[in-house]
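>>> Pasting the sequence and the predicted model now:
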Amino acid sequence: MTGVLELAILGFLYDASLHGYDLRRRITALTGHVRPISEGTLYPAIKRLEKAGLLRRETQPGAAAAPRHMLTLTPAGRAELRHRLAEPVEQDITDENRWFVVLAFLRHLDDAAAQAAVLRRRLAFLEQPSSYFYEGGRPQNAEEFDDPFRRGVLVIARATSQTELRWLRSTIEELDAQAPPTTP
């Protein structure tokens, strides 16, 4: 979770300075249904990023009471976000929840060709045969199950994958059209 949490922190701070509470709320909205973010997880990650020089904390007067700490991304933090987006680790490509965090901030990677390269990695992953259930090492499909619940898992997964595959192919085509032509 550390890598994806740091990516989410960098991504949200890329857009605007935020205080910790607002940052936590935004991260929870993006990932919370699967991985709720506690203060005990968020604030150590913020401190690590601050110590690494990727963000800075500034104390500002509070609106009604105590002062609050505003978090701002440094130029090094902006560069780190773009690097992590351009070269996501394998788990960020293969894990759906981590993939959504990458996808949420991929617009910050300014190069259409680099964006398309990341999408191609996800496309290649999704084009591999897979299943939630295997028999003798072979992925099983929905039609092999009498159990309506396992069949449901696979029917829903197939529909989701087909939708994502269509979106990926279409978006890659759009990004390729935006990329400047390469010279031999």
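Perfect, thanks for sending it. Numbers count the residues shown, from 1 in each chain.
>>> close enough to count as contact, residue 69 and residue 21?
No. With contacts counted by Cβ atoms under 8 Å, residue 69 stays clear of residue 21, the gap being 9.8 Å. (Each C-beta comes from the backbone N, C-alpha and C, glycine too.)
>>> of those two, who's got more company?
residue 69 (15 against 12; other Cβ atoms under 10 Å).
>>> Look up how far residue 114 lies from that one.
33 Å (Cβ to Cβ, to the nearest Å).
>>> Also residue 126?
According to Cβ to Cβ, residue 126 and residue 114 sit 20 Å apart.
>>> in the longest helix along the chain, what's buried?
Criterion DSSP state H: the longest helix present in the chain is helix 148-178. By 16 or more other Cβ atoms under 10 Å, the buried positions in helix 148-178 come out as 153-154, 168, 172, 175.
>>> Next, the contact list for residue 7, please.
Contacts were defined as Cβ atoms under 8 Å, 6 or more residues apart in numbering; by that measure residue 7 touches 81, 84-85, 92, 101-102, 105.
>>> Could you list the domains of the chain?
2-80, 111-178 (automatic domain parsing).
>>> And those domains: which comes nearest residue 97?
Comparison of the domains of the chain against residue 97 by Cβ to Cβ identifies domain 2-80 as nearest, at 4.9 Å.
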